[in-house]
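**Q** next input, structure requested:
(one chain, ligands or ions: 2)
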Amino acid sequence: MEQFHGIPVSPGVAIGPAVVLDDQGYSIPRCHVALADVAAEHDRLVAAVAAVARTLETNRESTSRRLGDSTGSIFAAQLQMLHDPRLTAELQRKITGSQHTADYAVSQVMHSYASALRRLNNPLLAERAQDVLDIEKQLLQQLGAVTHRPLDSLVEPSVAFSHNLTPSETAGLDRTKVIGFATETGGPGGHTAIVAKGLELPAVVGIGPFLDRVVVGTRVIVDGDRGIVILDPDQATLDEYERGLLRRRELLARLDQLADLPSQTADGVAIELSANIEFPHEVAACLSRGADGIGLYRTEFLYLSREDEPTEQDHYEAYSEVVRAMQGRPVIIRTLDLGADKMGHRPLAEYEHNPCLGLRSIRLSLKNQDLFRPQLRAVLRAAIHGDVRLMFPMITTLGELRQARMLVNVVAEDLEEEGVGCRTDIPIGMMVEVPSAVLMLDRFIREVDFLSVGTNDLVQYTLAVDRSNEYVADLYQSSDPAVLRLILRAVEIADAHHVPLSVCGEMSSNPARALLLIGLGVRRLSVPPQALTKVKKAIRSVTIGQCREIAERVMTFEAAGEVDMYLMDRLSDLAPELIPT
Ligand code: PEP
Ligand code: MG
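**A** Ligands and ions are numbered 1, 2, ... in the order given. Below you'll find the predicted structure:
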C-alpha cells in the first residue's frame, strides 16, 4: 500500500482498478521482464529504433523534395535525436539494468527527456520536447504498445491517472468507464476541477510525480474529499473506505428528500439556489435536485467538447435545450470564457506567457467577433423559449462592458431586420471576478441588470495566484480576508442600487462558506448540481441572525486558515450532518 497527497477538487471516493493515461491518452504499464528475457527485450528495442529511423529518413527525403531542405531538416533533427548515444545508453540501462520492458523504458526515458527540455523554460526547447514525444509515440507504435486507447479496452469501470488532464479531455471522459481520476499537475480552481464536479467524478489533482509508482490494473482509491490517492490499499483501509461509501450514499439519499422543499433559512428568509452547468445534459440533475434556475451556464464547453467549431445553430440548439427543460425558470447564459486553461481547437491567440492575464474571456470574444456574434445571435433566438439572461465574463473596464452591450444591440437589429424570431429585451449582467470590477462597481452597476460574483477568478486575481497551479495551491483561498472584503463591498453596492447579485464561484458550494456569504448579505447562490441539496441543507439549518453573527466574527480574522477553522466549527454545531466523517 502506498499513499499520495494532492488537492481534493471533486468530492466523493472512487475505488477500482487503475488505468494510466499519458498525455496522448495511452497507457504503458510498469512491467518487468524475467532476466532470461532481457536480451529479447533489447532486440525488440533495437528493431523498433531501426524501423523508426527508416520512417524518419523516408519522411526527410520526401519532405525535402516537396517542401525544401529546411522543412525536411525537422526529420533530420529527429533522426539525430533518435541516435543520441546518451538516449540509447539510458534505454539500454532501463532494460538490462532495471529489467523493464522496452515499452516502459521508452515511455519513461523519453518522458523524462521531454520534461527536462520543458523545464528549461525556453519556447524553442519546449518545441524540441514535442519532437521527443513524437519519437516516443513512433517507437511505442513499433513496439505495439499504442495500438489502442486504454479507455476503449477497459472491461470494468476504472480509476484514471494522468500527468495532466485539460478541461476538454476531462469533459471527454466516458463516465461508464472512468469512476474517478487523479493527476500529477493542476490546481484547486482550474476548470478541470470544475468539469470533474460537473461529471460528479471524485478527483484529486496536483499530486506531483507518482505515475511511475502505479501498476496498471491494481486496485486503487481516489479520495476526493481529503485529497488522497492510495495504491494497492490493505484490507483494513479498503473496508474503512467501503463503509464510508455506504454512509455517503445514505446521506445523499436523505439530502435528496430536500429537493422539493424551499431554499430558505430556518426563520423563512428565501435564498435563491441555482445551479452551474457546463453541458445541457446536466439540467436533469439540476431539476431533480430542485434548482431554482441556472445561475451560470459555461457555454465555452460547447467548444471544448467537440472537434469542429460550433455554428450559430449548434449554439441555438444547446441553449434551447437548456431553456426549454428549465420550464420558465431563469437561465443565465454566460458568453464564451475561452482562453487560459480553456483552449479550443482553433488557435485564438499567439503563444502567451501569462494566459490568465492575456487574451482571455470577454477580451478574446471582442477581438474575435466571428466567434462572438453567432453566439449572441443564438442566445437572443433561444430567449423566446423561456427566461434567458445574458452575462459577460471577466469584465475589467467599462469600455469592455459597453462594447459588448453595443454588439448585442447590433446583433439584435440584424435579427429583427432578417425577421428571425428572437427576444431583444433580455436582462444583461456581468461577472464580478476581477478586483477592478469591484472597485468600479458603483459605475458598472448603472449599466447592468444583474451581477454575479465569480469567486474562482476573484481569488486568482486578488491574491495573484494561478488557480490551476499546484505550487501555489495553499495560497488559493476563497476565505482570504482580502477576498471577503471585496465580496462585502460588492454586496453593499448592489444592495444600495437594488441590483440583484449572486455568487456563482465554487466558494458558494461549500456549505460553511455559503453560510458566511449569506451572513455577508448574499441572497442568491449558484452551485454545481451535486452541491444543491447539501447547500440547501445548510441554509435550512440556520437563521439569518446566526449567519450574520458568523460573518461579523469572520470579518475580524486576518487569515484564511482562521476563517475556515471557525467556519467548520460553526457548521459542526449548526448542521453536523454535513461534516465529512
Ligand atoms: C469564477 O471565476 O468564479 C467563475 C464562476 O467562472 P469560471 O470558473 O468559469 O472562470
Ligand atoms: Mg471566472
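
**Q** so what's the residue count around residue 459?
**A** By the criterion of other Cβ atoms under 10 Å, residue 459 has 27 neighbours. In short, each C-beta sits where N, CA and C put it, glycine included.

**Q** kindly report the same for residue 216.
**A** 16.

**Q** again with residue 268
**A** Look at residue 268: counted by other Cβ under 10 Å, it has 9 neighbours.

**Q** same deal with the one 5 residues further on?
**A** The number of residues packed around residue 273, counting by other Cβ under 10 Å, is 27.

**Q** do residue 452 as well
**A** Other residues within reach of residue 452, judged by other Cβ under 10 Å, total 26.

**Q** who does it form a beta bridge with?
**A** Following DSSP bridges, residue 452 is listed with bridge partners residue 431, residue 502.

**Q** give the contact list for it.
**A** Neighbour list for residue 452: 295-296, 332, 391, 429-432, 501-504, 526 [criterion: Cβ atoms under 8 Å, 6 or more residues apart in numbering].

**Q** pull the number of nearby residues for the closest residue to residue 172 other than its chain neighbours.
**A** The shortest distance from residue 172 to any non-neighbouring residue, by Cβ to Cβ, 6 or more residues apart in numbering, is to residue 305 (6.7 Å). For residue 305, the neighbour count with other Cβ under 10 Å is 16.

**Q** let me see the contact set for residue 305.
**A** Applying Cβ under 8 Å, 6+ apart, the residues contacting residue 305 are 168, 171, 172, 279.

**Q** okay, and which of those residues map to helices?
**A** Secondary structure assignment by DSSP state H places 168, 171 of these in helices.

**Q** filter the contacts of residue 305 to the buried ones?
**A** 168, 171, 279 (16 or more other Cβ atoms under 10 Å).

**Q** tabulate the residues you listed (TSV), appending distance to ligand 1.
**A** Below are these laid out as TSV (distance: Cβ to the nearest ligand atom, whole Å):
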residue	distance to ligand 1
168	14
171	13
279	13
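
**Q** pretty sure residue 114 sits against residue 132.
**A** Yes: here residue 114 reaches residue 132: they are 4.4 Å apart, a contact under Cβ atoms under 8 Å.

**Q** adding distance to residue 422 and pLDDT, write the buried ones among the contacts of residue 305 out as a markdown table.
**A** Output for those, formatted as a markdown table (distance: Cβ to Cβ, whole Å; pLDDT from 0 to 100):
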| residue | distance to residue 422 | pLDDT |
| --- | --- | --- |
| 168 | 30 | 77 |
| 171 | 29 | 83 |
| 279 | 24 | 93 |
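
**Q** and which of those residues is nearest residue 577?
**A** residue 279 (30.0 Å; Cβ to Cβ).

**Q** need the residues of the protein near ligand 2, please.
**A** Contact residues, the chain versus ligand 2 (Cβ under 5 Å from the ion): 433, 454, 457.

**Q** if we go to 8 Å?
**A** For the chain, the residues in contact with ligand 2 (Cβ under 8 Å from the ion) are 337, 361, 393, 394, 431, 433, 454, 456, 457, 505.

**Q** read off the pLDDT value for the fifth one.
**A** The model reports residue 431 with a pLDDT of 98.

**Q** got a list of what it touches?
**A** Going by Cβ under 8 Å, 6+ apart, residue 431 touches 334, 391-395, 437, 451-454, 457, 504.

**Q** from those, which ones fall inside strands?
**A** Those of the contacts of residue 431 mapping onto strands are 334, 391, 392, 451, 452, 453, per DSSP state E.

**Q** those into a markdown table, with extra columns for distance to residue 11 and pLDDT?
**A** A markdown table is the format used below for these (distance: Cβ to Cβ, whole Å; pLDDT from 0 to 100):
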| residue | distance to residue 11 | pLDDT |
| --- | --- | --- |
| 334 | 24 | 98 |
| 391 | 27 | 98 |
| 392 | 30 | 98 |
| 451 | 28 | 98 |
| 452 | 23 | 98 |
| 453 | 22 | 98 |
